[in-house]
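**Student:** Output the structure for:
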Amino acid sequence: MKSAVVCEGRSTELDGAHSPPKPLDPNGRSVNANESVHYHHCSNGYSCHGRVEQVTVSDVGASTDPKDVTTILMKSAVVCEGQSTELDGAHSPPKPLDPNGRSVNANKSVHYHHCSNGYSCHGRVEQVTISDVGASTNPKDVTTILMKSAVVFEGQSTELDGAHSPPKPLDPNGRSVNANESVYNNFNDVDSCHDRVERSLCPPSWVHVFAKSTQPSSIRTQAASIAYIELPVHKKKVWHRRNRRSKKKLRKQQNLLTEVIVPPAIKQNLLSESDIDNEIIVVDGGDDGNPSIRPTDGIKWHCLSVLGGKHFHVADETDPCRGLTFTRVDSALPFIRLPRQQSLAITDSISMNDIVCALEECEKLQKTSVKRSDGKRIFGDYGKPVMYTCVGVQVSRNSREVLNCNAVMEKLPECHWQVLMKLMRHAEYCFEAIADNEVISHLYHAKQVVPFKTMSIPSSSHKFTSKYYGGLAFGCNVFLRCHTDNDYTMSMIQIHLKGKVKYNIEDDVVVYFCFPTLGVAVPLRPGDFLLFNALIPHCISSRCRHAEEILSIAMYLKTSVVGMNNNRLPPNSLQTGLADRYRTIMDH
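**Tutor:** Numbering: from 1, shown residues only. Next comes the predicted model:
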């Protein structure tokens, strides 16, 4: 028997009639019957391994007439991850042959579905014939041929037995009924072919989009939100590379991050989103003996305490080589606190004094604090003015454009701008190092569709711009009402302590970043980076010790910036098509 399995243009010949005789073991099998045959299905090195048992044919009473040669066709089903592919079978009608004796459609691709998200491998199975001269024409004299193979995909084995396996239930398209079931849900799943992060066809859960409007600016936000799903769908290599990168990042997260588990007692006291909307929720992060925070005159708030142990679980990771995260919410990690050692290594190249000086200079130019809506109100020490400053791109309230910065910030000396740009770039290093690959891919493709602005130095010969974030906001000794933000990607926060030149691994916690609907308060030390989903209700607490002065810096990309703030600028055909696709997905 001569059989050739061809995958991606590569052929592997199995034991055949024209090969030299193979030595047999006492059971009548080839001594190398258990050797693995390597079928390369994927260009990224993924492969499947199979074992082909020896095929024997009884030739009792075999005829010497070549015309009596019996052609045996076997029908088998290759099943990977619940998907079935039928090959030519015993009950199929005869296939036309070419001059070489092969089926005329032998070179047609057989589609093996390995992944439920549409990834696949292509192979060709040559015609299998048995031409033992002298084979009997009596069907009873022909020994039943069974082929048992084991397909191994990334360390997982699936045994296929075409003769004895029960039939798989198929849908009208001929696929297994459970082919589309999701195989990834938890953060700490075992590393296997099932630890893939599923690429949902729905818009990403961490992105705010102007979803209801059909104005040009809203259309651009809709189109950019699904560009990473729709644009490269026809390129299989793109999907393979994405899957490989996603799995690599997932393994990195599993190695570096500890998942926070909230006790049942805390879960019973979680706040709902309606609580967040209807009440002013603030968090007191003060240590024992620290003065309690007081509301501004005329303000009635609901104050939660980190120390009370009723609404928040404080989970810390003392190992500087490990960070913190939480179980996925809508397929995305709600937050990631980078390992402290990694955060300090990134910030070591910037002088703490330079950062503080640049931020204080911005405060002096701003003169008055930024006013946010009541739903995102900023608080500070009782009786003292609150100072909150924004730097970077922002939409204009008086024109249809996105400004490179506030007009007063154009007066900021370039040396301070360079410090802020360096700080922003370091935050983006953290973003690239630990964020899900899907989050990074989303932003990359969004910018291919909509050329929105990111932070840069205005009126400078240096054309350096940030890759992801549009601006930063900061305040000294401030704490915020629990809220959500209209941000277009995962945002970043970093904490600095005035008066300290160098941060150490063993520094004390100075503030908490809180998620009341999750029941988690993340402790932050000077220099720590925290990546978080701004669409989940969140807030920063008051500082732990009243005597200290802390700077809280947030890096973000606003949805209004992505929309380009211009409804007179019509969307192009690509943006319109993607926006139509977005609304179709949302309607269903």
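
**Student:** and the strand or helix carrying residue 258, which strands flank it?
**Tutor:** With secondary structure defined by DSSP states H and E, residue 258 is part of strand 257-260. Looking at strand 257-260 with DSSP bridges, its partner strands are strand 323-326 (parallel).

**Student:** Tabulate the CA atom coordinates of the strand holding residue 258 in CSV.
**Tutor:** Taking Å, rounded to 0.1, in the frame of the first residue of the first chain, the C-alpha atoms of strand 257-260 are listed here in CSV:
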residue,chain,number,x,y,z
LEU,A,257,0.5,37.7,38.0
THR,A,258,-1.4,36.4,41.0
GLU,A,259,-5.1,36.3,40.8
VAL,A,260,-7.1,38.0,43.5
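
**Student:** what does the average pLDDT come to for it?
**Tutor:** Confidence over strand 257-260 (mean pLDDT, whole number) is 97.

**Student:** same check, this time on stretch 455-467
**Tutor:** Mean per-residue pLDDT for stretch 455-467: 83.

**Student:** Could I get the CA-only coordinates of that stretch as CSV?
**Tutor:** These are the backbone C-alpha positions of stretch 455-467, laid out as CSV (Å, rounded to 0.1, in the frame of the first residue of the first chain):
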residue,chain,number,x,y,z
MET,A,455,0.2,63.0,22.8
SER,A,456,3.2,64.9,21.4
ILE,A,457,5.3,68.0,22.1
PRO,A,458,3.6,71.0,20.5
SER,A,459,5.7,73.4,18.3
SER,A,460,8.8,71.2,18.6
SER,A,461,11.4,70.1,16.0
HIS,A,462,11.1,66.6,17.7
LYS,A,463,8.4,64.7,16.0
PHE,A,464,8.1,62.1,18.8
THR,A,465,4.6,61.1,19.6
SER,A,466,3.2,58.5,22.0
LYS,A,467,1.9,55.3,20.4
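
**Student:** who touches that stretch?
**Tutor:** Residues lying outside stretch 455-467 but in contact with it, judged by Cβ atoms under 8 Å, 6 or more residues apart in numbering, are 391-393, 404-405, 409-410, 414, 417-418, 421, 424-425, 428, 454, 469-472. From N, CA and C alone the C-beta is placed, and that goes for glycine too.

**Student:** which of the residues in it are buried?
**Tutor:** When neighbours are counted by 16 or more other Cβ atoms under 10 Å, the buried residues of stretch 455-467 are found to be 455-458, 465-467.

**Student:** One more: stretch 349-369?
**Tutor:** Within stretch 349-369, the residues that count as buried by 16+ other Cβ under 10 Å are 352, 354-356, 358-359, 361-362, 366, 369.

**Student:** Those in helices, which ones?
**Tutor:** Among those, DSSP state H puts 352, 354-356, 358-359, 361-362, 366 in helices.

**Student:** hmm, which two among those are most spread apart?
**Tutor:** Spatially, the most separated pair among these is 352 and 366, at 21.3 Å (Cβ to Cβ).

**Student:** Show me what stretch 287-299 is in contact with.
**Tutor:** When contacts are taken as Cβ under 8 Å, 6+ apart, the neighbours of stretch 287-299 outside the stretch itself are 280, 282, 284, 286, 301, 303, 307, 379, 382, 479, 542, 544-546.

**Student:** how about a markdown table for those residues, with secondary structure added?
**Tutor:** Formatted as a markdown table, those follow (DSSP: H, G, I helix; E, B strand; the rest coil):
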| residue | secondary structure |
| --- | --- |
| 280 | coil |
| 282 | strand |
| 284 | strand |
| 286 | coil |
| 301 | coil |
| 303 | strand |
| 307 | coil |
| 379 | strand |
| 382 | coil |
| 479 | strand |
| 542 | coil |
| 544 | coil |
| 545 | coil |
| 546 | coil |
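
**Student:** Mind giving me the ChimeraX select for the residues you listed, buried ones only?
**Tutor:** Buried residues within these, as defined by 16+ other Cβ under 10 Å, are selected in ChimeraX through the command that follows:
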select :280,282,284,286,301,379,479,542,544,545
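
**Student:** Nearest to residue 314 among the contacts of stretch 287-299?
**Tutor:** After measuring the contacts of stretch 287-299 against residue 314 - Cβ to Cβ - the closest member comes out as residue 307, at 8.7 Å.

**Student:** nearest spatial neighbour of the closest one, skipping sequence neighbours?
**Tutor:** Leaving aside its sequence neighbours, residue 307 sits nearest to residue 288 (Cβ to Cβ, 6 or more residues apart in numbering; 6.8 Å).

**Student:** next one: residue 497
**Tutor:** In this structure, residue 497 finds its nearest non-sequential neighbour in residue 526, 4.0 Å apart by Cβ to Cβ, 6+ apart.

**Student:** Please consider this matter closed, and thank you.
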